[in-house]
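In: sequence unknown, structure follows:
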Ligand code: ATP
């Protein structure tokens, strides 16, 4: 029967797969099937082997230069040099390999956090579980925005539309139904089946899994979808290009140097060749791109630890420059823990006691209403119970939780609080909730009678009730009732019903156009998250605007906004008002308004575009399937990890594991930290190369003997690359980083001040060591002792300078001095390596170094202190100047 499920009746599918369409599989049986058939996953696409990855790191201009140097030294008979250089190439490739796999590891960890989930009926209960654990025979519940987890034969379809482009290439959504089809129906036309990897565009449905993992249609074409892309970020690209320019420049200089030294200074060709190679090695910032990707990867990891899952590496950078965050309200700014507190029907008023989902409390009629026994209340409760997609259950530890939408969930709790005996309805057909039309409706049956129940945004239900000429509806009165609740921040939902003919077996939106009778309103409390209040404040200090873009009513949005510090509590624009605005008017509104209510996905898209046009870098949250376009467009599309649909997660650049607004702000903070550390690292590394370059170029020009041998220069580069260069990647957020306005995304990484600092420090270290070399020669120092001291000077200067770079303009010994443990660890490691170089006899032979006396260490340490002090004074002056010019 395999592959013929579309041509099989539902009952036959059910019995062939030994399942039960209403209760689903038993856990034990499901586990057995999982064990037998494997997880519902596609095999990973083949990756490069570790060896190949390692070898690829030899494919690098720097390595070619080093290999050429090794060859030349071998030809010249300097075999020790040859082996050192070869060793260095291996170490270098190894460092690159380790760094790459670290970055990769960080991203793979995150991929695991984004695992797909599915709603499945098991043991008669609806559960949300990992899609990878779905087995053949499972009964899966689908709703708009879900990714279809497996191949499924539908047993229910309510206005279900599925987007199948992943499989068929066809981008228009396909209508689905449950009838049996002909055996020879081609894949594209199997409308009673849905396939793994496709996504639900609208409606809802239920179906039995017929194939999982590699057995699915998607598995057959083996189109595994990667969750996280490892892309080059604009910043990395900029740095790589910059590095190439420097490399070309350095090679140019090296050629000139060689000719100059050979023709005018009479150096021997062999020695000169080694020196210019040393120059190339010293002056090219070859380690920079690798270190920057480590910084980004560390950033991604830290963000994940704070619940922000980054799906694309460039976003880490972009986050630092975010200037406006557009957030929805429900669940992000509020707790999404809904409790119905009041019910107002056409015949009575009730307050509801108890909070949370635990069905503990009562529906208490007010004095005028008298008692609870009321046919309208009964119908109202039956409506919100039947017109409901959630389920309420008690955990093993006694906690009451809901599966599904909290708005639906709180009604289930409400219904459990009544003393009335509600009739049982069975649902025949339904229009699932969609934020586009903002209501949900079902066709339900009890005792042979069919009735349509609808619940949703009051404005929608009021409009329906007004069309019913048989039952008068006082809209003004009910608007007042609604506003009274909304103004105090309550979420208000309305309910209505309509008698339907007994033969009616499906419903569409047109059924709601006439004949709906209004039943009443419910006021729902969904308190703001306390931490969101602080997060909004933090944004204000950081020059980031916060805008609330919600599907909820304007009055509710304004009131909640006021409690959170967004907007003034008086001004809000609705989606309808935005629809009527010209682009210019919208630009003005987007800038000056902070609360947007009853918005549609199109409104969101237009607002993002408008904000971006005005130069903003925009983060935008979304959860519904239709939000995908706005999320894609935003600079940082943010999807909700808990409440969000799989489709929005796919479109987003960042997923919030906790759906919390504060997490976005944390991510922005982390983004700023990352960018600062990138800048600090560049500020640190480039002078190292500059100084090395100056040292060699100047000595050739001046006809001096080379202060350091090429192998010693290689050593310096290597130890610096594996130690202090990494120190700044772990620097904490600088004090005041969230008190300054967002970075201008167009601003150049290397500002004039940075260029000045890089040149000045290069000159200081380069010329300083050169001069010291000369000075000590006149004092009788020579040979390996001199070289060892010069080498240590060079390294000490870098070590101390790293501590300068830890804060941009703040004094180095500030409150965060001891916070970055890695900086101290790498400094310690560097010292150990330097001691090894100086005191281990083997190292003395290989690197031509000599053990130094304690007194001789004074010179390198003084050099370090000198650089440190000068840079600190310079920072102080620059800080004062920049403060004065503000
Ligand atoms: P936000 O956009 O901030 O998440 P929201 O949840 O109010 O807020 P939507 O999900 O677009 O936004 O809902 C819009 C409106 O539709 C709500 O204000 C409510 O009146 C109504 N609504 C929400 N959920 C349901 C539901 N499950 N059934 C019926 N109506 C609903």
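Out: Done, it's in. Please read these numbers as outputs of a predicted model, since none were measured by experiment.
In: Can you read off the backbone torsions of the residue in the chain that the ligand sits nearest to?
Out: Here the residue of the chain nearest the ligand is residue 551; by Cβ to the nearest ligand atom that distance is 2.2 Å. Using the backbone N, CA and C atoms, a C-beta is placed for each residue, glycine as well. When quoted as degrees, to the nearest 10, the phi and psi of residue 551 stand at phi -90, psi -10.
In: Now do the same contact list for it.
Out: Under the criterion of Cβ atoms under 8 Å, 6 or more residues apart in numbering, the contact partners of residue 551 comprise 328, 330, 435, 438, 457, 597, 598, 599.
In: Leaving out the residues flanking it, which one is nearest to the second one?
Out: Put plainly, it is residue 330. Among residues not flanking residue 330 along the chain, residue 336 sits closest, at 6.0 Å (Cβ to Cβ, 6 or more residues apart in numbering).
In: By neighbours, which of the contacts of residue 551 wins?
Out: residue 328 (29 neighbours; other Cβ atoms under 10 Å).
In: How about the contacts made by it?
Out: 548, 549, 550, 551, 621, 622, 623.
In: what about it, distance to residue 532?
Out: Separation of residue 328 from residue 532 (Cβ to Cβ, to the nearest Å) stands at 12 Å.
In: tell me the SS of residue 344?
Out: Assigned state for residue 344: strand (three-state reduction, DSSP: H, G, I helix; E, B strand; the rest coil).
In: pretty sure it is touching residue 495, no?
Out: No: in terms of Cβ atoms under 8 Å, residue 344 does not count as a neighbour of residue 495; the distance is 10.8 Å.
In: Okay, the residue of the chain positioned farthest from its centre and residue 816: tell me how far apart.
Out: Among the C-alpha atoms of the chain, the one farthest from their average position, using Cα atoms, centre = their mean, is that of residue 780, at 61.0 Å. Summarising the geometry, the distance separating residue 780 from residue 816, computed by Cβ to Cβ, is 45 Å.
In: quick revisit: would you list the contacts of residue 551 in TSV and tack on distance to the ligand?
Out: As requested, the contacts of residue 551 are arranged in TSV below (distance: Cβ to the nearest ligand atom, whole Å):
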residue	distance to the ligand
328	3
330	4
435	3
438	4
457	3
597	9
598	7
599	7
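In: out of residue 344 and residue 495, which sits in the busier spot?
Out: Counted by other Cβ under 10 Å, residue 344 and residue 495 do not tie: residue 495 has more neighbours, with 27 against 23.
In: tell me what the helix or strand hosting the more buried one is packed against?
Out: Using DSSP states H and E, residue 495 sits within strand 491-500. Using 3 or more Cβ pairs under 8 Å, 6 or more residues apart in numbering; DSSP states H and E as the contact criterion, the neighbours of strand 491-500 among helices and strands are helix 375-386, strand 449-456, helix 458-466, helix 475-486, strand 517-525.
In: ok, back up a step: of the contacts of residue 328, which belong to strands?
Out: Secondary structure assignment (DSSP state E) places 548, 549, 621, 622 from the contacts of residue 328 within strands.
In: chain center to the longest helix anywhere in the chain, what's the gap?
Out: Secondary structure of the chain per DSSP state H: the longest helix is helix 661-701. Relative to the chain's own centre, helix 661-701 is displaced by 24 Å; criterion: Cα atoms, centre = their mean, to the nearest Å.
In: Could you list the low-pLDDT ranges of the stretch 51-200 of the chain?
Out: For the stretch 51-200 of the chain, applying pLDDT under 70 flags the ranges 60-62, 99, 102-104, 106-115.
In: would you list every one of the helices in it?
Out: Taking DSSP state H, counting those that start in this stretch, the helices of the stretch 51-200 of the chain run over residues 61-75, 79-113, 165-168.
In: Same list, these, but as CSV with distance to the ligand and mean neighbour count please.
Out: As requested, those are exported to CSV (distance: least, Cβ to the nearest ligand atom, whole Å; neighbours: other Cβ atoms under 10 Å):
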stretch, distance to the ligand, mean neighbour count
helix 61-75, 52, 18
helix 79-113, 23, 17
helix 165-168, 25, 17
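In: Columns distance to residue 582 on top of these, output as TSV?
Out: TSV is the format used below for the helices of the stretch 51-200 of the chain (distance: least, Cβ to Cβ, whole Å):
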stretch	distance to residue 582
helix 61-75	54
helix 79-113	42
helix 165-168	34
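In: Look up phi and psi at residue 207.
Out: Geometry field for residue 207 lists phi and psi as phi -160, psi 170, criterion degrees, to the nearest 10.
In: Run through the residues that contact it.
Out: The neighbourhood of residue 207, defined by Cβ under 8 Å, 6+ apart, consists of 139, 140, 142, 152, 153, 154, 155, 156, 193, 194.
In: Now the two most distant members of these.
Out: With distances taken as Cβ to Cβ, the most widely separated pair in these is 139 and 193, at 14.7 Å.
In: circling back: look at the residue nearest to residue 330 and give its secondary structure.
Out: Quick answer, by three-state DSSP: residue 336 is coil.
In: how about the residues of this protein near the ligand?
Out: Near the ligand, the residues belonging to the chain are 328-330, 405, 407-408, 433, 435, 438-440, 455-457, 493, 550-552 when assessed by Cβ under 6 Å from any ligand atom.
In: Verify the stated contact: residue 93 with residue 57.
Out: Yes: in this structure residue 93 lies within contact range of residue 57 using Cβ under 8 Å: 3.8 Å.
In: Can you pull the residues that touch both of those two?
Out: Common contacts of residue 93 and residue 57, defined by Cβ under 8 Å, 6+ apart, comprise residue 63.
In: Isn't residue 358 up against residue 400?
Out: Yes: counting by Cβ under 8 Å, a contact exists between residue 358 and residue 400, whose distance comes to 4.4 Å.
In: Any figure for the gap between residue 14 and residue 508?
Out: Separation of residue 14 from residue 508 (Cβ to Cβ) stands at 28 Å.
In: So if I had to pick from the two, which one is more boxed in?
Out: It is residue 14, of residue 14 and residue 508, that has more neighbours when counted by other Cβ under 10 Å, with 19 against 11.
In: What backbone torsions are found at the closest residue to residue 653 other than its chain neighbours?
Out: Excluding the flanking residues, the one nearest residue 653 by Cβ to Cβ, 6+ apart is residue 315, at 4.3 Å. Torsion angles at residue 315 (phi, psi; degrees, to the nearest 10) stand at phi -60, psi -30.
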